[in-house]
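Novice: Show me the folded form of this:
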Amino acid sequence: VTMNVGFLLVATLQLAPVVSATPYGIVSGDRLRRLLELQLLSPAQDDMIVKQLDYTHDWHAHFRTHVFPSIDTINISQACSEAWSEIEAAEDSNKFWDSFGVVGAGLLDGNTRFLGSSQECANAKSPDYRVSRPFPDVTPRFVHYIGEEVSVWHVLLANMVVGICAPTACTDDEMHQIVYNTHHHGPARLPPFIHAVTSKAPLRLTPGFVVGCVLFSALGALVLAATAADVSLDVLVHYVTKVEEKGAEQQPLIGDSSADLPAALDTTEDESKPAEAAARRVVLEGLPGLRYLLCFSFKANMYGILSSGGGRANRGHIECLDGLRVMSLGWVCLGHTFLYVGTVVDNPLYLLQRARSFLFQGVASASPSVDTFFLLSGLLVMHNTLKALEGRRRSLLQFWLLFYLRRLVRLWPAMLLTILFTVSLFQLWGLHLYSPNWQPQDPLIHACSGTRWLPTAFFLNDFIRPRDSCIGWTWYVANDMTFFLLSPPLILLIKRHSWVGRGAVSALVLGSCLICLVATAVENLPPSDGSPLFSNFRVLVANYAVGNPWTDRMYYTPYCRFMSYGTGLLLGHFIYTHRTLPLTPGQVAGMYLSSVALAGTAVYVTYFGANGHAMGRAGTALYNGSFRLMWSVAVGQLVVLCHFGYGWALNHVLSANFWKPLAKVTYVAYLLHALAIVGYLDGLEEPAHFTVSNFVLIYTGLVVCVYVIAVPLSCFIEAPFLRLFESILHPPPPPPRPID
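Specialist: As a prediction, this is how the structure comes out:
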């Protein structure tokens with residue numbers, strides 16, 4: 001109960017987040033990895049760094065002192081040189097120089113970004129300063145440092161960024177030469193680790209951008225036209241109904257007994273109005289092509305999302321799954337936000353230090369949040385398919401073809417449109433930003449360039465380059481599609497030979513567990529994906545093989561994740577075959593206690609490793625081979641208790657109508673959430689400072705924004721295609737022919 005319902009509460013109680021390295025596929029781990037290495041520095045090395053940084057803290061003044069005397073000796077264009085001369089001759093350039101980033105405190109706490117004020121630089125040429133001489137156009141730039149050898153400087157200056165202001169006439173390469181030359185004239189003890197100078201990312205008119213703009217414009221126009229047609233139909237039906245009512249009042253029918261009744265007792269008219277209006281609308285929707293156009297109506301799709309029922313009850317919908325689905329996505333967002341916040345705060349090592357607390361192992365060990373989705377997916381596939389097989393009216397071949405086709409229509413349009421949005425309109429977000437995080441070669445966008453988006457589009461990114469794939473967090477969708485493709489043989493086997501089918505699924509679950517156990521024992525892998533121990537990097541590198549490819553395989557691949565999906569298949573069959581489940585109070589209490597124990601073990605056993613006590617190879621192997629199964633069994637027991645009437649308050653919370661609209665857009669919200677996190681945090685023009693209140697506000701705001709956007713967005717990229725598929729699959733019956 002605590003694991004599933006209380007994780008959002010934990011964020012406000014324990015007040016300590018955690019940062020994890022790259023398993024979620026939304027950020028490069030190089031900077032974080034090198035920052036973590038700072039934890040390995042000895043006190044003597046700390047003192048040496050402090051001494052060497054005396055000059056670095058004053059680099060702003062040194063740059064201003066040396067750039068003008070040496071400007072003529074640098075191989076730069078005449079326009080760039082003249083622009084610097086104009087700055088030197090200006091009577092008031094204080095705003096220009098004041099915008100520079102100044103290397104300040106917190107380096108030994110992981111602060112490596114001193115970005116200055118981009119807005120002040122952009123407004124340096126202000127008429128308020130009354131500059132008598134021409135002042136050149138200037139733009140913010142960012143000096144990137146990186147070590148070229150293994151040393152404490154390599155660790156400290158890894159991806160260190162300092163903001164400067166520079167004339168627009170100077171290219172980034174010319175500014176690189178100027179900054180490098182300035183450092184070259186400094187004290188010999190300062191290594192010139194200047195990697196690059198970058199400026200604001202330009203808009204790239206790639207083929208993907210053009211196609212994206214055209215396609216999204218066409219889709220928007222289609223939705224607008226469908227919505228207008230839908231509203232027009234309602235207005236027309238209402239007008240016709242009013243006209244007929246007015247005519248009926250003037251000429252009452254002869255022999256109508258209701259005409260003799262008092263108005264308060266005559267209910268025939270009120271009862272017939274909705275039916276008549278619906279009948280007229282059905283007739284109008286029968287116009288050629290109109291029925292298919294209305295599938296894209298924003299009004300109708302929004303009503304379908306916001307309605308509490310949505311037709312699910314007729315398909316045996318298990319009510320408590322709505323709350324579980326939304327809470328699990330909230331946990332996913334929590335883990336991803338912690339992961340990404342650690343790359344943009346100015347005190348990441350302090351953040352990691354606080355992350356060693358007991359309760360926040362629930363954030364560091366966020367991996368089981370995805371296993372909850374696998375469990376629910378397996379449960380629903382088994383349960384709903386067995387019910388559909390009961391009343392099927394098509395041949396078995398047609399049934400399974402539609403089984404796959406519905407899934408493809410459910411997932412593919414939204415996936416393709418998300419990829420297209422990432423490589424097209426998403427880069428427009430960076431046009432108004434001055435942030436070094438938002439670069440022309442942003443890993444999120446660059447990973448979708450060329451043909452690299454194809455594995456994601458065809459649900460193969462769980463095998464092909466899962467770590468740096470296009471919109472890499474969708475590896476979960478690829479896994480789920482793989483499981484879905486393999487489900488029909490298992491479903492048929494269970495339906496025809498129950499014991500044999502359940503034995504086959506159990507064997508696959510056991511095999512998945514054994515693969516993780518053996519791989520961990522042989523390769524000396526860290527627990528989970530390593531993230532629970534990143535708050536104590538010393539323990540991680542001293543006891544485990546960090547960077548082993550099997551760590552990625554255990555996280556991304558279906559054969560290491562089937563244990564959760566298989567548990568869901570068995571759970572779905574159990575619920576399907578049991579209409580009731582009589583349990584004694586002792587059995588109910590035992591199931592609750594075992595759920596808490598299993599979930600607590602799966603999530604919190606790594607607490608000891610984070611605080612300096614590694615589990616050892618055998619203990620880690622046992623943990624990796626069983627923790628996902630323990631979590632799945634724990635959540636599955638809660639589902640059973642809620643579904644069969646033993647959930648009480650927990651079931652009331654998880655089955656509340658509040659969750660239903662949010663649960664319907666979970667897929668779109670999952671596709672969107674990482675874009676929202678990256679879009680906000682990569683757009684920060686200054687590093688954030690980690691405090692509990694800041695993080696709670698960032699996380700809460702992101703989750704709210706994700707769902708606020710996902711609900712209407714689903715009316716564009718998901719719901720219309722599902723309705724269109726059902727309209728084609730189930731055309732309306734032809735109107736009755738008139739009797740001669």
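Novice: How many neighbouring residues does Leu525 have?
Specialist: Neighbours of Leu525 under the rule other CB atoms under 10 Å: 24. In this view, the C-beta of every residue, glycine as well, is placed from N, C-alpha and C.
Novice: and what of Glu82?
Specialist: Glu82 has 14 neighbours, counted by other CB under 10 Å.
Novice: Touching, it and Cys170? I think so.
Specialist: No: counting by CB atoms under 8 Å, Glu82 does not reach Cys170; the two are 10.3 Å apart.
Novice: any weak-confidence spans in the stretch 201-350 of the chain?
Specialist: Within the stretch 201-350 of the chain, the stretches with pLDDT under 70 are 201-203, 247-286, 309-316.
Novice: Please, where are all the helices along it?
Specialist: Here the stretch 201-350 of the chain has its helices, by DSSP state H, counting those that start in this stretch, at 207-250, 268-285, 290-293, 298-306, 321-341, 348-354.
Novice: closest to Phe373 out of those helices?
Specialist: Nearest to Phe373, of all these, is helix 321-341, at 5.9 Å by CB to CB.
Novice: How far does the closest one sit from its chain's centre?
Specialist: 9 Å (CA atoms, centre = their mean, to the nearest Å).
Novice: send the alpha carbons of it over as CSV?
Specialist: As requested, the backbone C-alpha atoms of helix 321-341 are provided in CSV (Å, rounded to 0.1, in the frame of the first residue of the first chain):
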residue,chain,number,x,y,z
LEU,A,321,-6.3,-0.2,-12.3
ASP,A,322,-7.1,3.5,-13.2
GLY,A,323,-5.5,4.8,-10.0
LEU,A,324,-2.6,2.4,-10.3
ARG,A,325,-1.9,3.5,-13.9
VAL,A,326,-1.9,7.2,-13.1
MET,A,327,0.2,6.8,-9.9
SER,A,328,2.7,4.6,-11.7
LEU,A,329,3.2,7.3,-14.3
GLY,A,330,3.6,9.8,-11.6
TRP,A,331,6.4,7.7,-10.1
VAL,A,332,8.0,7.5,-13.6
CYS,A,333,7.9,11.3,-13.8
LEU,A,334,9.4,11.5,-10.3
GLY,A,335,12.4,9.3,-11.2
HIS,A,336,13.0,11.1,-14.5
THR,A,337,12.7,14.5,-12.9
PHE,A,338,15.2,13.6,-10.2
LEU,A,339,17.5,12.2,-12.9
TYR,A,340,17.4,15.4,-15.0
VAL,A,341,17.4,17.9,-12.2
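Novice: Between helix 207-250 and whichever strand or helix holds Leu408, find me the angle.
Specialist: Leu408 belongs to helix 396-423 when assigned by DSSP states H and E. Using axes from the mean of the first three to the mean of the last three CA atoms, to 10 degrees, the inter-axis angle of helix 396-423 relative to helix 207-250 is 120 degrees.
Novice: Determine how far helix 396-423 lies from the middle of the whole chain.
Specialist: 19 Å.
Novice: Does anything pack onto it? Which helices or strands?
Specialist: Here helix 396-423 touches helix 207-250, helix 368-390, helix 443-446, helix 454-457, helix 475-496, helix 666-681, helix 692-717, helix 719-729, going by 3 or more CB pairs under 8 Å, 6 or more residues apart in numbering; DSSP states H and E.
Novice: what mean pLDDT does it have?
Specialist: Helix 396-423 comes out with an average pLDDT of 94.
Novice: Now do the buried residues in that helix.
Specialist: 403, 407, 409-411, 413-415, 417-423 (16 or more other CB atoms under 10 Å).
Novice: where does the stretch 401-550 of the chain have low pLDDT?
Specialist: Within the stretch 401-550 of the chain, the segments meeting pLDDT under 70 span 431-432, 434, 436-437, 439-446.
Novice: these two touch, right, Ala355 and Gly362?
Specialist: No: using CB under 8 Å, Ala355 makes no contact with Gly362, being 11.0 Å away.
Novice: hang on, the earlier thing: which one, of the helices and strands packed on helix 396-423, ends up nearest to Thr601?
Specialist: Minimum separation from Thr601 across those (CB to CB) falls at helix 368-390, 11.1 Å.
Novice: what is the mean pLDDT for the closest one?
Specialist: Helix 368-390 carries an average pLDDT of 96.
Novice: now the angle from that helix to helix 321-341?
Specialist: Going by the same axes, to 10 degrees, helix 368-390 makes 150 degrees with helix 321-341.
Novice: Report the secondary structure state of Ile164.
Specialist: At Ile164 the chain is in strand, as set by DSSP: H, G, I helix; E, B strand; the rest coil.
Novice: Assess the claim that it and Val143 are in contact.
Specialist: Yes: using CB under 8 Å, Ile164 is in contact with Val143, at 6.0 Å.
Novice: residues in contact with Leu724?
Specialist: Residues in contact with Leu724 (CB atoms under 8 Å, 6 or more residues apart in numbering) are 292, 295-296.
Novice: Could you rerun that using 10 Å?
Specialist: Neighbour list for Leu724: 291-296, 409, 413 [criterion: CB atoms under 10 Å, 6 or more residues apart in numbering].
Novice: Just give me the closest of those residues to Ile76.
Specialist: Nearest to Ile76 among the contacts of Leu724 is Pro413, at 50.4 Å by CB to CB.
Novice: Next, count neighbours for the residue lying closest to the closest one once chain neighbours are set aside.
Specialist: With CB to CB, 6 or more residues apart in numbering as the criterion, Pro413 has its nearest non-adjacent residue at 4.5 Å, and that residue is Phe721. Around Phe721 there are 18 other residues, counting by other CB under 10 Å.
Novice: cool, and Gly600?
Specialist: Gly600: 16 neighbours (other CB under 10 Å).
Novice: ditto for Lys664
Specialist: When neighbours are counted by other CB under 10 Å, Lys664 comes out with 23.
Novice: ok, the closest residue to it other than its chain neighbours to Arg392 distance?
Specialist: Among residues not flanking Lys664 along the chain, Ile305 sits closest, at 5.2 Å (CB to CB, 6+ apart). Counting by CB to CB, to the nearest Å, the gap from Ile305 to Arg392 is 28 Å.
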